[in-house]
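> Here is my input; please provide its structure:
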Amino acid sequence: MKNSAIAGLFITAALLASPVFAADKDLCTDNLQTISDFVDSAPSIPEGSLDNVKAAMEKAKAAQAAGNDKDCVEISSNMIQKMQIRNPTRN
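This is a model prediction of the structure:
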């Protein structure tokens, strides 16, 4: 009985954790698309700031390629927040 209870806990934990990983992957992809759209629209921001955005996008893509969606989300979300502060009229 004890073994089946422990097995049940592991199975439950695995099932509950799966959507979180999928959500990170989707959020990572969505954030990278948002940053890419921002860069492609060539907003009137200083070249140094645009270079920072591009560097963050590359760092987030590298994290995604390495399978580290959590870091990708963190990097890309922080950059999107900075982009919105600098240019609040864009979403």
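> can you map out the helices along this structure?
Assigned by DSSP state H, the chain shows helices spanning 2-40, 47-65, 69-86.
> Any stretches of the protein with poor pLDDT?
Confidence mapping of the chain against pLDDT under 70 gives the ranges 1-23, 42-43, 87-91.
> can you count the residues close to residue 46?
9 (other CB atoms under 10 Å). Every C-beta, even on glycine, is put in place using the N, C-alpha and C of the backbone.
> change the start of the numbering to 31 and stick with it
Taking 31 as the first residue, the last one we looked at is residue 76.
> so who does it touch?
Contacts for residue 76 (CB atoms under 8 Å, 6 or more residues apart in numbering) come out as none.
> That one and residue 100, how far apart?
30 Å (CB to CB, to the nearest Å).
> Need the winner for burial among the helices of the chain.
helix 99-116 (a mean of 18; mean count of other CB atoms under 10 Å).
> Point out the other helices and strands that that one packs with.
With contacts taken as 3 or more CB pairs under 8 Å, 6 or more residues apart in numbering; DSSP states H and E, helix 99-116 sits against helix 32-70, helix 77-95.
> Might one say that residue 54 is in contact with residue 100?
Yes. Look at residue 54 against residue 100 with CB atoms under 8 Å: they come within range, at 5.6 Å.
> Overlap in contacts, those two.
Contact criterion CB under 8 Å, 6+ apart; residues shared by residue 54 and residue 100: none found.
> How about residue 109, nearest residue that isn't a chain neighbour?
Nearest non-adjacent residue to residue 109, counting by CB to CB, 6 or more residues apart in numbering: residue 86, 4.1 Å away.
> show me the contacts for the one you found.
Counted by CB under 8 Å, 6+ apart, residue 86 has contacts 65, 105-106, 108-109.
> Closest to residue 81 out of the residues you listed?
In terms of CB to CB, no member of the contacts of residue 86 lies closer to residue 81 than residue 109, at 12.2 Å.
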